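[1] turn this into a model:
(2 chains)
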Amino acid sequence: DTEVTQTPKHLVMGMTNKKSLKCEQHMGHRAMYWYKQKAKKPPELMFVYSYEKLSINESVPSRFSPECPNSSLLNLHLHALQPEDSALYLCASSQGAGGNEKLFFGSGTQLSVL
Amino acid sequence: LAKTTQPISMDSYEGQEVNITCSHNNIATNDYITWYQQFPSQGPRFIIQGYKTKVTNEVASLFIPADRKSSTLSLPRVSLSDTAVYYCLVGDWQGSARQLTFGSGTQLTVLP
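    Numbering: from 1, shown residues only, chains lettered A, B, ... in the order given. Model (predicted):
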């Protein structure tokens, strides 16, 4: 199994809603990532988990809250988002965090904030 | 920061070879260069990775000069389905944590 599975594929939420994005991999990877991608822009790194511990937080607003319950799962909890947070949210995993790690990406969650 | 710079866009015709160059002047000694392909509304997909000299797989070749300050992705005989954005990535290190930041990417358009 070489897949990273993200759910849901599409999400529409209001600014007062609370929702969660989910990501799952069964490749035994120990590093997992959240990226945000706006249309026609490159993915922007948000968070990195290494061995289930948060190792990188790219100064992301607190309305985005990551969680890594175990080595196969990664969640992104959303609360009080703004319309400018509408984007494609991508999850990725890699075997570890060395210099030759390859990222495996999911197909993303397209988020619209109304 | 190990920033990468690529051409914003390139056009090619079906059947031609395409070379996309990326500059990464501040690459770390222990870091590899990795290329990804991305179609609209999909996650990026790994194409090829290398450390130095030349690497070839079933879809592409990667050329890296001795100083490792740049790399060139070579796609042989492109087809319409190769129209996509291509990114080269190198890592930045925050202590023992490796930060993988995407550059602007190159939009490749293959014309019939």
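
[2] near chain A, which residues of chain B?
    When proximity is defined as CB under 8 Å from any CB of the partner chain, chain B approaches chain A at B:28, B:30-32, B:34, B:36, B:41-46, B:49, B:51, B:87, B:89, B:91, B:94, B:96-105. (Each C-beta comes from the backbone N, C-alpha and C, glycine too.)

[3] B:Gln49 touches B:Leu62, doesn't it?
    Yes - here B:Gln49 reaches B:Leu62: they are 7.4 Å apart, a contact under CB atoms under 8 Å.

[4] so what sits against both of those two?
    Residues touching both B:Gln49 and B:Leu62 by CB atoms under 8 Å, 6 or more residues apart in numbering or on different chains: B:33, B:35, B:55.

[5] quick check: the gap between B:Val78 and B:Thr109.
    From B:Val78 over to B:Thr109 the distance is 10 Å, taken as CB to CB, to the nearest Å.

[6] can you name the residue of chain A nearest chain B?
    Closest approach between chain A and chain B, counting by CB to the nearest CB: A:Phe105, at 2.9 Å.

[7] follow-up on the earlier one: between B:Gln49 and B:Leu62, which one's more packed in?
    Comparing B:Gln49 with B:Leu62 by neighbour count (other CB atoms under 10 Å in any protein chain shown), the higher total belongs to B:Leu62, at 23 against 17.

[8] what does chain A put close to chain B?
    Where proximity means CB under 8 Å from any CB, the interface of chain A facing chain B comprises A:4, A:33, A:35, A:42-45, A:48, A:50, A:55-56, A:58, A:88, A:90, A:92, A:97-108, A:110.

[9] okay, and which of these map to strands?
    Counting by DSSP state E, the members of these that fall within strands are A:4, A:33, A:35, A:44-45, A:48, A:50, A:55-56, A:88, A:90, A:92, A:104-105, A:110.

[10] closest to B:Ser70 among the residues you listed?
    Comparing these against B:Ser70 with CB to CB places A:Leu45 closest, at 22.7 Å.

[11] quick check, that closest one in contact with B:Gln94.
    No - in this structure A:Leu45 lies outside contact range of B:Gln94 using CB under 8 Å: 11.0 Å.

[12] list residues touching both of the two?
    A:Ile56.

[13] who has more neighbours out of those two?
    The residue with more neighbours, out of A:Leu45 and B:Gln94 and counting by other CB under 10 Å, is A:Leu45; that gives 21 against 11.
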